[in-house]
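[1] Let me see the structure of the following:
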Amino acid sequence: MVPMSRHAWMDVSAGVAGDMVLGACVDAGANLAEIEAVVRRIVGTAVALRAEPVIRAGQRATKVHVAVDGESAPHRTWRSIRADLTAADLPDWTRASALAVFGVLAGAEGRVHGIDPEDVHFHEVGALDSIADVVGACEGLRLLGVTSVSASPVALGEGRIRAAHGDIPVPVPAVAQLALGWEVRATPGGARDDGGHDHDRGGHGHDHPAVVTTPGSIGELATPTGMALVRALATACEPLPAMRLVAVGVGAGGKDFAGHPNVVRLLIGTTPGSGHDAPALRELRANVDDMDPRLWPGVLDALLAAGAADAWLTPILMKKGRPAHCVSALADAGHADAVADAMLRHTTTLGVRSTPVDRTVLERGFATVAVEGHAVTVKVGHREGVVVHAAAEFSSVQHLAEHVGASESEVLTRANAAIAAAGWRPGAPVPAGGLGREVEPHTHAAAGS
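    Coordinates of the predicted model:
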């Protein structure tokens, strides 16, 4: 798994369905076996996932098929789905995202039918395959390291379809409700039904199959599940935002229209502050020539505690040949004032200089390795899934050395060997086990940020 520090932009200009978003995640690199393992914590072994490369209007895409063994309950309430999601052993981000998706679905269905959302029966949306779509898509985004989502305007479709409540217009009532406040259009670029071939069970896929009942109309392009994923996860309807692209995924719907690719595209990248490019910082400095040098370690700790990303001391020579120190700190805009105040309070300086600085950083995360049966924390710097360097946190080395009665040098040597054996070598891909997001030993980032 990659660290959670990426933005995903969903291109839903041709419509959206739950299985299309799931397919885009898999196409972008999310491991289908890992997704299936998480889905099965909710629905058991009755569901199996299979990915297939397909062509949609000449464009390659990935179609994810959800096979259900046996009958799924045709009516599930929001209350029962929420209980299942809450009780299951799911990653926190996946659970929270899936709860949000079904929550907005319940709100829309409750509004449409004039009932309390708690009492909503989801019909097809509550079936096992659609629960797999929602949980699978959320887990896929998590595996891709996504922490924020935005999306394009969405094509909803046109005409009429046959659904659980009879012949109804497109967009269906729940989709229309979910689309409130979002930019929508009927078709992609004015496309009409051009004799698309249905490779699944109708419409976009299995999460809400629908037969078009008005010849010449394109039918349903956005399903309730797909629209709920957009509205629950995307914080903005916008064009492609500025970011450094790291992955692209294309997920296919069931039909293959000749006039436009029936796909959802997922573009994933790092934005300023979320990966290679870090937010602009300020460097704060003060020259001091009249402090007891024994006080400096406490000063640096105070600066870090005030929110500094880094703090350090440089020997200098001041006027009249006086030996002195320049104390420096890096802080973002939200902490710069507090760090400057700490510098004034904990040193004898009468003023603090401040200049803006930019920096480029590696993505960082933490792993653990076993040394003599004990865990040692490893800080890993990486870029685009490739390890740049990995080193044992020295505080972890110190703690283990004290615990086992060995020298710090000996424990460090063993830790370095364990790091290499675990696959955290420079130039190697980030191992499949992934990285954690543990808090570093100091209150803020360690030196070298």
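[2] center of this structure, which residue is that?
    Centroid check for the chain by Cα atoms, centre = their mean gives Val146 as the closest residue, at 1.6 Å.
[3] Now the nearest residue to that one once chain neighbours are set aside: which helix or strand?
    Spatial nearest neighbour of Val146, chain neighbours left out: Ala8 (4.5 Å); criterion: Cβ to Cβ, 6 or more residues apart in numbering. In short, each C-beta sits where N, CA and C put it, glycine included. Assigned by DSSP states H and E, Ala8 belongs to strand 6-11.
[4] quick one: that strand to chain centroid distance?
    In this view, strand 6-11 has its centroid 9 Å away from the chain centroid, taken as Cα atoms, centre = their mean, to the nearest Å.
[5] Residues contacting it, please?
    For strand 6-11, contacts defined as Cβ atoms under 8 Å, 6 or more residues apart in numbering pick out 16, 21, 24, 141, 144-152, 230, 234, 238, 240-241, 243, 246, 264-271, 274-275.
[6] what does stretch 44-61 give?
    So stretch 44-61 is in contact with 23, 26-27, 32, 35-36, 39-40, 62-70, 72, 128-129, 132, 136, 199, 250-253, 256-263, going by Cβ under 8 Å, 6+ apart.
[7] Determine the number of other residues adjacent to Phe394.
    A count of nearby residues for Phe394, using other Cβ atoms under 10 Å, gives 16.
[8] From Leu49, how far off is it?
    As judged by Cβ to Cβ, to the nearest Å, Phe394 and Leu49 stand 43 Å apart.
[9] How about Ala286?
    Distance of Ala286 to Leu49, computed by Cβ to Cβ: 59 Å.
[10] out of these two, which sits in the more crowded spot?
    Per other Cβ under 10 Å, whichever of Ala286 and Leu49 has more neighbours is Leu49, with 22 against 19.
[11] Please name the bridge partners of that one.
    Per DSSP bridges, the residues bridged to Leu49 are Val66.
[12] Mind pulling up the pLDDT for it?
    At Leu49, the pLDDT value in this model is 94.
[13] ok so, going back, check which strands are paired with the strand holding Ala8 and give the direction for each one.
    When DSSP bridges is applied, strand 6-11 pairs with strand 146-151 (parallel), strand 263-270 (antiparallel).
[14] so what's the backbone phi/psi at Thr355?
    Backbone torsions of Thr355, given as degrees, to the nearest 10, read phi -140, psi 150.
[15] Count the residues that sit near it.
    Neighbours of Thr355 under the rule other Cβ under 10 Å: 9.
[16] Break this protein into its domains for me.
    What automatic domain parsing lists as the domains of the chain is 6-270, 281-357, 362-449.
[17] Give me the distance between the residue nearest to Val146 and Thr147.
    The value you get for Ala8 to Thr147, if Cβ to Cβ is used, is 9 Å.
[18] higher neighbour count, the two?
    Ala8 (27 against 14).
[19] pLDDT at that one, what is it?
    As predicted, Ala8 sits at a pLDDT of 95.
[20] hey, what's it bridged with?
    Under the criterion used (DSSP bridges), Ala8 bridges to Val149, Ile268.
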